[in-house]
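S.K.: just the structure for this:
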Amino acid sequence: MGKIRKFSIVGIAIIIVAIAILVYYNYNIQLTIPRPALPPSTIDIVTKNGNIIYPTKLQADEWFMDPITLTKDKRFDPNAKLIQNSDGSWSVDSKGQTRLNVWTKGSDNFRQNGGIDTYNHSVIEARGYWYKPSDWKNVEMTGYFKLNEYVEDEYSTYSRSIWHNRTHNGCGGSDYKLKLHFDGSVSLDKEEWHVLYTDQPKPSWMLEHKIVDGLGNLTNRWIGLKNIVYNTDQNGTFYPTMEMWIDETNNGTWKKVHEYTDRGAWGSTMNRCGGAPDQLITWGSPVATFRWDDTADVDFRNLSVREIDPHSS
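M.R.: The predicted structure follows:
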């Protein structure tokens, strides 16, 4: 019995030592195993009250929707049937593509002639605009929208492009598209040329769409949307930054829900337009567009487009 008891004690001690060694070994091995990078930190909860996020640039172009004279506004160019509602908002009833185009003050000749002197992105990047120095470059686009019947689509905006067609290799359609999906999620695409979309770069294990906490389905709700694009100069290189803000309570309180800066390595085929394969879209354009597709019924109000000074706020 004494030998058995002594053996049991020794055996237990060996097992305890073995477990300790195993735990120690496993712990240290875990420390050396490369771990996947964490997702980008969530955006700080930033809120602002009022009608603007960034101030309008001094003596720059701006456009505000007038609900009384909208159909006579020569700078406003919808491609859908518009009907004014009793509350002053407007209804778009389109089963196809809806494009609400807003033109700069100096765009008249461009619209009449329909042409551009070059589609070469290197040339356009060097001069900073498609048509005129007064083109919208750093813009804050705002609107309130209500989806009356759910479809799988989204509200989006774009600028920095001209014609979205296949002429000139589709090079007139390069832009950034911030999208607020009708299910309450957000995504960002870069249109390298018309039509080739590339998703915002992110780790492969991240979801394609970012869910906005607490937002949910947008049907039968007025939602404020601000999509902002502007350049930041860092040592002589301009990097485009995109921000999305929403007013989910319809009371002028804006919350930033997405932000991303294009620093390159986004896109691979833009050299077909004379620029780099991952060309930064830094230039201005004479038109900015509010967009959605395949909608059964959408109401909108309080649209605006402003050239902003994002670095003075």
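S.K.: rest of the way, CA atoms for contacts and neighbours
M.R.: OK.
S.K.: next, the buried residues of stretch 142-158.
M.R.: 142-148, 150-151, 154-158 (16 or more other Cα atoms under 10 Å).
S.K.: so which of those sit within strands?
M.R.: When DSSP state E defines the strands, the subset of the buried residues of stretch 142-158 inside them is 142-147, 154-158.
S.K.: tell me who's in contact with the most centrally placed residue in the chain.
M.R.: The C-alpha lying nearest the average C-alpha coordinate of the chain belongs to Leu178 (Cα atoms, centre = their mean; 2.1 Å). With contacts defined as Cα atoms under 8 Å, 6 or more residues apart in numbering, the neighbours of Leu178 are 156-158, 186-189, 227, 242-244.
S.K.: export the ones in strands among the buried residues of stretch 142-158 to CSV and tack on distance to Leu215?
M.R.: Formatted as CSV, those follow (distance: Cα to Cα, whole Å):
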residue, distance to Leu215
Thr142, 18
Gly143, 17
Tyr144, 15
Phe145, 14
Lys146, 14
Leu147, 14
Glu154, 14
Tyr155, 14
Ser156, 17
Thr157, 19
Tyr158, 23
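S.K.: now the residues you listed as a markdown table including distance to Tyr197 and pLDDT?
M.R.: As requested, these are exported to a markdown table (distance: Cα to Cα, whole Å; pLDDT from 0 to 100):
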| residue | distance to Tyr197 | pLDDT |
| --- | --- | --- |
| Thr142 | 23 | 98 |
| Gly143 | 24 | 98 |
| Tyr144 | 26 | 98 |
| Phe145 | 25 | 97 |
| Lys146 | 26 | 96 |
| Leu147 | 25 | 95 |
| Glu154 | 15 | 95 |
| Tyr155 | 16 | 96 |
| Ser156 | 14 | 97 |
| Thr157 | 14 | 98 |
| Tyr158 | 13 | 98 |
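S.K.: near the residue nearest to Thr261 when sequence neighbours are not counted, how many other residues are there?
M.R.: Of all residues beyond its chain neighbours, the one nearest Thr261 is Thr241 (4.2 Å), with distances taken as Cα to Cα, 6 or more residues apart in numbering. Taking other Cα atoms under 10 Å as the criterion, the count of residues near Thr241 is 18.
S.K.: so what's Thr241 scoring on pLDDT?
M.R.: Per-residue pLDDT puts Thr241 at 98.
S.K.: and the helix or strand harbouring it, how far out from the chain middle?
M.R.: In this structure, Thr241 sits in strand 237-247 according to DSSP states H and E. With Cα atoms, centre = their mean, to the nearest Å as the basis, strand 237-247 stands 7 Å off its chain's centre.
S.K.: which outside residues touch it?
M.R.: Applying Cα under 8 Å, 6+ apart, the set of residues contacting strand 237-247 is 178, 223-233, 253-263, 280-282.
S.K.: which of these are buried?
M.R.: For the contacts of strand 237-247, burial is judged from neighbour counts taken by 16+ other Cα under 10 Å, and it is met by 178, 223-232, 253-259, 262, 280-282.
S.K.: keep only those of the residues you listed that are in strands.
M.R.: The strands in this structure, assigned by DSSP E, contain 178, 223-232, 253-259 from those.
S.K.: coming back round to it: tell me which residues of the strand holding Thr241 are tucked away?
M.R.: Residues of strand 237-247 classed as buried by neighbour count (16+ other Cα under 10 Å): 238-247.
S.K.: same check, this time on stretch 119-133
M.R.: Of the residues in stretch 119-133, those buried by neighbour count under the rule 16+ other Cα under 10 Å are 119-122, 124-125, 128-132.
S.K.: please apply the same query to stretch 268-276.
M.R.: Applying 16+ other Cα under 10 Å to stretch 268-276 flags 270-273, 275-276 as buried.
S.K.: need those in TSV (columns: pLDDT and secondary structure).
M.R.: Compiled in TSV, these are given as follows (pLDDT from 0 to 100; DSSP: H, G, I helix; E, B strand; the rest coil):
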residue	pLDDT	secondary structure
Met270	98	helix
Asn271	98	helix
Arg272	97	helix
Cys273	98	helix
Gly275	97	coil
Ala276	98	coil
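S.K.: any idea which of these is closest to Arg301?
M.R.: Using Cα to Cα, Met270 is the member of those that lies nearest Arg301, at 35.6 Å.
S.K.: contacting residues for that closest one?
M.R.: Residues in contact with Met270, defined by Cα under 8 Å, 6+ apart, are 192-193, 276-279.
S.K.: and with 10 Å instead?
M.R.: Contacts here follow Cα atoms under 10 Å, 6 or more residues apart in numbering; on that basis Met270 touches 121, 171, 174, 191-193, 196, 276-280.
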